[in-house]
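Undergrad: no FASTA, just this:
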């Protein structure tokens, strides 16, 4: 039975949860019965899954039933059952131990803490290992936000993984990334989501197939606290501020290739677009584009109103001799840094675009910034400028 029908079954049978227990064992609400009936009627190892439910401790049985009800059929029919058992046991232990996790609504815990996978990565035995690595980091924390910040401060040192485009593949599992010591933004986001979940912090994977100017895709992480979702990423310890915010604020609502999606383990009626597996519909998604557009607009307005930032325009030319001409312009990707921290990025205007078009960015006043790009020889080039009190135009050259 397709996941959407199973989802509708759960809604229709929700009223049963107030009455009696499940036929599949005490501790499971009765509303799970039609879901489990549908799943087990299709599975070639239904008997083993029923046995797994019977052997699961009563206090963990609802979590196990929830995973079996929603897990992709490929996992349901082939995933190691001892790995599933370990995942449920460790997730429930974290919920019992950490006060922030005990206070979570069941819907958040089940969908954003319990899952054994983030996207379509190899199914690793990561949860027990990550608990040992990160439980000490959050020992003195009192809130979800404090705990999430503590995990992110420690993650680079504790897993030994850095961003590197030479990684073996995009959608690496934690073990694959730690074996190599490198990962893409996708692999780093998987690591961070799993690290947060290991200590009972609800987290999910978020990304876009391509920015509005088609200069590439990106993935990051959202954490649930104070009743809502807040974004961060590997290497960052703060929330709702990142170098990509201006780009995220220009994402296109309703256009899948330029929208922003969050991953859901539970079916949503939509899918997460994976650039490494473009035809796959196996990972469920939620379109969160509108929220990022609203946040980006509010952020930009606040910077301008505060008088702390000024607009800077960057234009790329083929050679110095054609600087200032429309025909001499070149479209290239540019990353902007203040010291070692990336503060933004964009794509310069092509010759056919209006002269008023192009890459613009708001930068904080009285700072030194470096614009980095790849020149015509494929070498990394850069232009460094000092930003003062007023708007600034900067030019680069491909020579």
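TA: Okay, I see it. On a predicted model such as this, the values are computed, not experimentally measured, just so you know.

Undergrad: Go ahead and confirm residue 266 touches residue 114.
TA: No. Residue 266 is not in contact with residue 114 according to Cβ atoms under 8 Å; the separation is 10.3 Å. Just so you know, the C-beta spots here come from the backbone N, C-alpha and C atoms, and that holds for glycine as well.

Undergrad: Could you check which of these two is surrounded by more residues?
TA: A side-by-side neighbour count of residue 266 and residue 114, using other Cβ atoms under 10 Å, places residue 114 first with 26 against 17.

Undergrad: ok, the more buried one - contacts?
TA: Shown in contact with residue 114 (Cβ atoms under 8 Å, 6 or more residues apart in numbering): 63, 66-67, 87-88, 91, 197, 265.

Undergrad: Could you verify that it is part of a helix?
TA: No. Looking at residue 114 with DSSP: H, G, I helix; E, B strand; the rest coil, it is coil, so not inside a helix.

Undergrad: measure the residue most central in space within the chain to residue 326 for me?
TA: Per Cα atoms, centre = their mean, the C-alpha nearest to the average position across the chain is that of residue 205, at 2.5 Å. Distance of residue 205 to residue 326, given as Cβ to Cβ, to the nearest Å: 41 Å.

Undergrad: A helix includes residue 190, no?
TA: Yes. According to three-state DSSP, residue 190 belongs to a helix.

Undergrad: ok, for it, nearest residue in space, not its chain neighbours?
TA: Nearest residue to residue 190, sequence neighbours excluded (Cβ to Cβ, 6 or more residues apart in numbering): residue 118, at 4.7 Å.

Undergrad: Isn't the one you found up against residue 263?
TA: Yes. With contact defined as Cβ under 8 Å, residue 118 and residue 263 form a contacting pair (6.6 Å).

Undergrad: Find the residues that touch each one of these two.
TA: Shared contacts of residue 118 and residue 263, counting by Cβ under 8 Å, 6+ apart, come down to 204-205.

Undergrad: Let me know the secondary structure of residue 285.
TA: With three-state DSSP as the basis, residue 285 sits in strand.

Undergrad: Look at residue 64 and say how many residues are nearby.
TA: 26.

Undergrad: what do you get for residue 279?
TA: The local packing of residue 279 (other Cβ under 10 Å) involves 6 other residues.

Undergrad: What residues does it make contact with?
TA: Counting by Cβ under 8 Å, 6+ apart, residue 279 touches no other residue.

Undergrad: Wait, a strand at it?
TA: No. Assigned with three-state DSSP, residue 279 falls outside any strand and is coil.

Undergrad: Ignoring the adjacent residues along the chain, who's closest to residue 61?
TA: residue 27 is the one closest to residue 61 (Cβ to Cβ, 6+ apart), at 3.8 Å.

Undergrad: Which helix or which strand is home to that neighbour?
TA: Applying DSSP states H and E as the criterion places residue 27 in strand 25-29.
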